[in-house]
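# just need the structure, nothing else, for what follows:
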Amino acid sequence: MAQSKNSRVTDKILADLALKIETELPEEIVRYVAFGQDVESKNLVIDWSVQLSTEDLKFLTDVVTCYGGCYTNSKDEHGKDRGVFLVPRNQPPPAITSEGQKLEPQKSPEGAAKAPSVAGQEIKQQCPLTLFQEKYCSSCSDQATCTPRTSVGRQRLSICFKVMELQYFDFIAERLHKLCQIQEDNGKSLQQVQLHGTPSTPSDNAQPSNEAKLPESSQPTPAPVQRSTRPEQGHIDQGIVWTNEVGSKGQYEKATEKDNGDREAYFQLHDWLNQTQKPFKEGYFYWIFDQGAPAIGRKKTKPNQGNK
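Numbering: from 1, shown residues only. Have a look, this model is predicted:
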């Protein structure tokens, strides 16, 4: 295994830093890596063997970059240039402006791994993978097997990331579904207000009124209701939307379930028709359509026709 010019780490701070980086690396990479320090003991020197694969070298580069390290050329014991990683020993405090605001250090556009070594350079942030593991993996039962130190552990981590992504998409879909339901309920409430109708409850025990009824010519005209099918207009009576129709026996009124899907008065009248044996009420004869779309029909009766 290749060794750096200073193969031993005598500085305590650099030794602790080397131990932290070593714990981040899997066993198959650690055996090809050597730690040392520079002459002034300001940087940790990380060297590696030529037997280290390209994939493992990339993983080593990612870990070193998380600790603020960078790639540079260094003279070996034979005076030849050799690429190594340098990790700074100390971190300078961030600059403070006159207003007390912290200034972030400027990053090189070429990336930290290719920048030359600067004595006293500070680690800019904690490793994102470490932050992720502290947030999500600390209470996981598979924490021992999901580790970046082995190839199997890295595969499990990759699968875990994909599953968490799917769970996040499911969470978004569920929230969107709830928003659509709320929007639909608000639309139904608004439509009910626009149709001017507070559903009334038809009662089987309702007594006929003793007050004289106005003639048909003097009774108020029901408010028109716009429909999406023919006939295009209807009217509301007793909290139910009716349309004027013409059948084989003359004119009658029809109330479809489509127009009254959110009106309780329609369904109460439907239940009443299923229970009563005399479908006469307030001068109308009522019936339920047996064929076609669910609907109720009514037609004005002759005087005393329903009282026999």
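# avg pLDDT for stretch 133-144?
Averaging pLDDT along stretch 133-144 yields 74.
# worst-scoring helix or strand of the protein, pLDDT-wise?
Lowest on mean pLDDT, DSSP states H and E among the helices and strands of the chain sits strand 95-96, with a mean of 41.
# can you give me the helices in this structure?
Listed in chain order, the helices of the chain (DSSP state H) span 12-24, 27-30, 54-66, 128-132, 151-194, 264-275.
# mind checking these for the one nearest to residue 73?
helix 54-66 (15.3 Å; C-beta to C-beta). (C-beta placed from N, C-alpha, C; glycine too.)
# what does that closest one rub up against?
When contacts are defined by C-beta atoms under 8 Å, 6 or more residues apart in numbering, helix 54-66 is touched by residues 21, 24-26, 28-29, 32-33, 46, 48, 52, 70-71, 85, 87, 112-113, 123, 125-130, 148.
# then stretch 153-173?
26, 136, 142, 145-148.
# and that stretch, what's buried?
For stretch 153-173, a neighbour-count test (16 or more other C-beta atoms under 10 Å) marks 153, 156-157 as buried.
# centre of the chain to that stretch, how far?
Relative to its parent chain, stretch 153-173 has a centroid offset of 13 Å by C-alpha atoms, centre = their mean, to the nearest Å.
# try stretch 68-84
Relative to where its chain is centred, stretch 68-84 has its mean C-alpha point 48 Å off (C-alpha atoms, centre = their mean).
# any idea of the mean pLDDT for that stretch?
In this model, stretch 68-84 has a mean pLDDT of 79.
# list the buried residues of that stretch.
Neighbour-count burial for stretch 68-84 flags 68-72, 74, 84 (criterion: 16+ other C-beta under 10 Å).
# picking up where we left off before, any chance of the helices of the chain in JSON lines, plus distance to residue 282?
JSON lines is the format used below for the helices of the chain (distance: least, C-beta to C-beta, whole Å):
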{"stretch": "helix 12-24", "distance to residue 282": "85"}
{"stretch": "helix 27-30", "distance to residue 282": "90"}
{"stretch": "helix 54-66", "distance to residue 282": "82"}
{"stretch": "helix 128-132", "distance to residue 282": "72"}
{"stretch": "helix 151-194", "distance to residue 282": "23"}
{"stretch": "helix 264-275", "distance to residue 282": "11"}
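# mean pLDDT lowest where, among those helices?
In terms of mean pLDDT, the lowest-scoring of the helices of the chain is helix 128-132 (a mean of 75).
# tell me what that one is packed against?
Judged by 3 or more C-beta pairs under 8 Å, 6 or more residues apart in numbering; DSSP states H and E, the packing partners of helix 128-132 are helix 54-66.
# the helix it packs on versus helix 12-24: what angle between them?
Helix 54-66 and helix 12-24 are oriented at 140 degrees to each other (axes from the mean of the first three to the mean of the last three C-alpha atoms, to 10 degrees).
# return the distance of helix 54-66 from the chain's centre.
Relative to the centre of its chain, helix 54-66 is centred 33 Å away, using C-alpha atoms, centre = their mean.
# quick one: it to helix 151-194, angle?
On the basis of the same axes, to 10 degrees, helix 54-66 is oriented at 70 degrees to helix 151-194.
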